[in-house]
Structure formats: structure tokens, C-alpha cells
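> Provide a 3D model corresponding to the input given below.
(chains A and B)
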Amino acid sequence: MLPVTGIYFVFKLSLLIEIRSMKFDLLAQDPQSKARAGKITTDHGVIETPIFMPVGTVGTVKGVHQRELKEEINPDIILGNTYHLYLRPQLPILEKAGGLHKFMNWDRNILTDSGGYQVYSLSGRRKIKEEGVKFKSHIDGSTHLFTPENVMEIQRSIGADIIMAFDECTPYPCDYNYAKRSMHMTHRWLKRCMTHLEKVPFKYDYSQAFFPIVQGSTYKDLRRQSAEYIANADAPGNAIGGLSVGEPAEELYAMTEVVTEILPEDKPRYLMGVGTPINILENIALGVDMFDCVMPTRNARNGMLFTAHGSINIKNRKWADDLSAIDEMGITWVDTEYSKAYLKHLFSVNEMLGKQIATIHNLGFYLWLTREARKHIIAGDFAVWKNQMVKQMDKRL
RNA sequence: GGAAGUAUUGAGCAAUUGGUUGGCUCGCCUGACUGUAAAUCAGGUUCCGAAAGGACAUGUAGGUUCGAGUCCUACUACUUCCA
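Predicted coordinates:
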């Protein structure tokens, strides 16, 4: 047993380590674009970037067993959601389990979104004030107040390796003055998040890295201003939020370009909520390292498959007698073990296995895509490869 | 052989006393989905037309009526019951 002063010392030390606990090594830079390959190291292992992080909102990547996720899809990190986990199963159970990793039996990295996206997606059920956001639970209508402070505490209890600042994700289109006011509030909230984090120690025996979020809607001057503010916070990694909310792809690219020019090179950059395979490649070219999106999982459940040669709506009649492999490339085992006709049949009769197969395929493809991008960045021919891929993926099969 | 009942779209059903059925659910077809209120949602689904729009429509054939899915007659098919 440590003496009380010893515990205090360890406590202080952990706070010092916190800001720098996560390590990021930049390994390669593409000569013809801003794409980079890197390596993030945390207490739960290595994250090779660029990376796509599957979304597991409520403690599961929907439709995939952890074993399949780990062994077949093999991502270094997945997402959880603060708002959803706070409502269910609720913090006491997560704490009793020893954090989300143990609760869901996932021993690699986890990142939790702060609930900032729910400020956007549940806009009809919440009220934003300077103090925080009052939500009406989508489950039972009960009222809950999220503040920068308690969101940090909740994320300590969930115990993800990377935790996000509490922000407002603005809608699109967004009035300039609203975007500006919202951005400043997100900045003030950031300060409160950081101040409060220093007061709340880690709950488990590993550290957590904190990422602030750039806002500013689709306005370049606001994006620049926000990127500078966020860069100044000197966090271990930085995120770009408020995009992929309905704006045209060109606006998305224009905003990430402005922002990645300002965000520090020696820290990972995370573009939140993006996107289509093409969106991802284009943003890697603009210097983004981390992505997450519900598309591969949600669209899989709705019958859409992403492939290197375009997307497929497996529910379409034309696949009914197509006995060819789901995807000849065979990235995951399901791609060659099952035919398109069989998968279409499973969707027709609404068997859950169809959704599971489609999810494994899509996630396998997304992870393949970012891994392949990484290889080409290291090999130095990313730009050429990317242009070729964008061209061939931009169609419906 | 007799009696009763039923007949509306691929299926199952709606439609106030006779007063605009192309109505609903499912199925089918096609979209959409970007830090997950989503195994969800939207549209289409008689025929012709790309569309605007038009045509024909309540088993078949007639009848009554200003007007019939609804009332009357015959026929056909099906269901149930009695022989």
C-alpha cells in the first residue's frame, strides 16, 4: 500500500502525463498531397493512421460480434457515444464493469463522442444555453442537462482512450451569425472542458487523451479562427466537427483544407462523421488522419454495399439470380463465401444474417480502404492511386 | 339436388342513409442514409405516357336512378350447411 502522499504523487503525475499520454508519430508524407501516414500509441495499443473507426454507439458495432470485428475487420479503434451510454446502460453499471472496454469485451482503443452530435441530431428535443444543453431523453422523455463539466465526468466513467470536447454541431445550412456565436460558445465550452478535466482523475488504470473540436460551419474565416483557437489548446489530437451534415462535398473539402493548413502537423487530425469512401480518400489527401461514420454499418443494414468498383443495392431485383461472389476482391471471408443472390435472398426474407454479412463486408472494405491508403502514402504514390480509386468507386453497380 | 352467404388491385381488408374509392396494411419495385431517436425512412405499385396528362375500373351481363361498390334480375365462381 502506498502512503497517502504517494497516492497524491501518483495522482499529480497522472495529470501531468494526461495531456501528453497519447503519442503520435508521423511516419510518412505523400509528396503530391497533404496525406500522411502515422502511428498513435495509447495504453490500449497502436492505431495506424489513416484509420477508419467503426461506430459502436451503444456498446456494440451494430450487427457484428466482437470476435468478428477484431479478427476479420480488425480496426485498432472503435467509437462509443456519451449521450447514449449515459442513458443506457447508465454509468453505475459501466463503472461496476470497470469501464466500457470490459463491459463490451473490447480490449483495443475506444473513442467516445461527447454528445455534441446529439445537439444537432436531437435538435427538436433539446435547448442550448451557455451553461449547457438540456435534453429530453428520446427513450422516456426525462430531462437531462449536459454541461462541458459533466460530459467530461461521464466520459471518465465510460473510460474511452480518446474523449471528445463537448461542442455544438451546427446544422447545414447555418446562418453566419449563428455559426459565429455557436463557434465562440464551443470555444468557451472547450476551456471549461479542459479546466474541469484537470480536476477529475482517470477512473481506470489507463490514461485518456482529450480532443477539442473545430467548428465554424461552412465559413472559411470562422473555420480559420476556430482552427487557430483549437490549435492553441495544445491537445494531443484535434478534431474537425460540424461537417457531413448535408453540405455538398466541395464545401466539405474546402473546409477541411482550410483547417488542416492550421492544425499542427505533429498531432492527429480527426474529421468527425465522414463519410463515403470517396469523401475519406479526398480528406486523407487534405491531411486528415482519422475518420468515423455510420455509413458502412447503417447502409449495410439497409442493403447497400460499398466496393472498390462502386456501390451495390443488394435489394435490387437484378441480383436475384447472380450467383457470383459478393465481392471478388475477397477482403473479408464473407465476400467470397456467399453469393450476391444469396445475400439478396436474405434481405428479401428479412433474415438478420443478411445484415450481418453486409456489415462485415462494408466495414472490411472501409478498413481495407484506409489501410491501402496508408500503404500508398508510405510507398509515395498515394495521389495517383487515390485518383484512380475515386474514379472507379464513383458509380452504382 | 336444396338452402344460405360471399365476390373491390399480387394478398388481406376499408368505403356514412345510394353521393368523388383508384383508400389502408402487407407484398413487390425504386430511392435515400455521413461524430446512429435508423434491421430505418421516402416514393411508386390498373392501363397508355418520359412527363404534364389521359383512359378504363368494384366477378359477368343487364336493370332502377340525376347518381350504383352499395338497390333489383340473371348468370358464373367460391365458401358453409342440409340431403
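
> quick one, what contacts the nearest residue to residue A:142 once chain neighbours are set aside?
Spatial nearest neighbour of residue A:142, excluding adjacent residues (CB to CB, 6 or more residues apart in numbering): residue A:136 at 7.2 Å. C-beta here means a position set from N, CA and C on the backbone, and glycine is covered the same way. Residue A:136 is in contact with A:125-126, A:142-144, counting by CB atoms under 8 Å, 6 or more residues apart in numbering.

> So which bits of the stretch 251-397 of chain A are right by RNA strand B?
A:272-276, A:279, A:292-295, A:297-299, A:301-304, A:313, A:315-318, A:320, A:348, A:350, A:352, A:355, A:396 (CB under 7 Å from any atom of the strand).

> after the lowest-mean-pLDDT helix or strand in chain A, next one along is what?
When the helices and strands of chain A are compared on mean pLDDT, DSSP states H and E, helix A:4-20 comes out lowest with a mean of 44. For helix A:4-20, the following helix or strand on the C-terminal side (DSSP states H and E) is strand A:23-29.

> Report the separation between the two terminal residues of stretch A:121-137.
13 Å (CA to CA, to the nearest Å).

> how about it: buried residues?
Residues of stretch A:121-137 classed as buried: A:122, A:126, A:132-133, A:135 (neighbour count, 16 or more other CB atoms under 10 Å).

> before we move on, back to that, emit the PyMOL select command for whichever of the residues of the stretch 251-397 of chain A next to RNA strand B are buried.
A single PyMOL command is used to select the members of these judged buried by 16+ other CB under 10 Å:
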select buried, chain A and resi 272+273+274+275+276+279+292+293+295+297+299+301+303+304+313+355
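
> Just the ones of the residues of the stretch 251-397 of chain A next to RNA strand B in helices?
Counting by DSSP state H, the part of those found in helices is A:279, A:295, A:297-299, A:301, A:348, A:352, A:355.

> Now distance to residue A:198 and pLDDT too, for those residues, in a markdown table please.
Formatted as a markdown table, those follow (distance: CB to CB, whole Å; pLDDT from 0 to 100):
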| residue | distance to residue A:198 | pLDDT |
| --- | --- | --- |
| A:279 | 36 | 98 |
| A:295 | 36 | 98 |
| A:297 | 35 | 98 |
| A:298 | 37 | 98 |
| A:299 | 40 | 98 |
| A:301 | 41 | 97 |
| A:348 | 56 | 94 |
| A:352 | 46 | 96 |
| A:355 | 44 | 97 |
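
> Distance-wise, check the residue most central in space within chain A relative to residue A:64.
Residue closest to the mean C-alpha point of chain A, counted by CA atoms, centre = their mean, is residue A:292 at 3.1 Å. Separation of residue A:292 from residue A:64 (CB to CB, to the nearest Å) stands at 15 Å.

> before we move on, what about residue A:303?
Per CB to CB, residue A:303 is found 17 Å from residue A:64.

> Same check on residue A:167?
For residue A:167, the distance to residue A:64 (CB to CB) stands at 28 Å.

> More neighbours: those two, which one.
Applying other CB atoms under 10 Å to residue A:167 and residue A:64 shows that residue A:167 carries more neighbours, namely 31 against 22.

> just to revisit the earlier point, partner residues bridging the residue nearest to the centre of chain A?
Assessed by DSSP bridges, residue A:292 has beta-bridge partners residue A:53.

> what does residue A:127 give?
In this entry, residue A:127 is beta-bridged to residue A:134, by DSSP bridges.

> thought it was touching residue A:133?
Yes. Using CB atoms under 8 Å, residue A:127 makes contact with residue A:133 at a distance of 7.0 Å.

> all strands in the stretch 101-250 of chain A, in order from the N-terminus.
A:109-113, A:126-128, A:133-136, A:143-146, A:162-164, A:209-211, A:213-214, A:238-240 (DSSP state E, counting those that start in this stretch).

> hey, which of those is tucked in deepest?
When you average the neighbours per residue for each of the strands of the stretch 101-250 of chain A (mean count of other CB atoms under 10 Å), strand A:213-214 leads with a mean of 32.

> And the contacts of it?
Strand A:213-214 is contacted from outside by A:116, A:164-165, A:167, A:186, A:190, A:223, A:226-227, A:230, A:238-242, A:259, A:263, A:272, using CB under 8 Å, 6+ apart.

> does RNA strand B sit close to that strand?
Yes. Using CB under 7 Å from any atom of the strand as the criterion, contacts between strand A:213-214 and RNA strand B involve residue A:213.

> sorry, back to before: for RNA strand B, state which of the contacts of residue A:136 is nearest.
Closest approach between the contacts of residue A:136 and RNA strand B, by CB to the nearest atom of the strand: residue A:125, at 5.4 Å.

> so what's that closest one closest to, chain neighbours aside?
In space, residue A:125 is closest to residue A:136, 4.3 Å off (CB to CB, 6+ apart).

> For the one you found, give me the pLDDT.
Looking at residue A:136, its pLDDT is 95.

> likewise residue A:21?
Turning to residue A:21, the model gives it a pLDDT of 78.

> Now do it against RNA strand B, distance only.
Counting by CB to the nearest atom of the strand, to the nearest Å, the separation of residue A:21 from RNA strand B is 20 Å.
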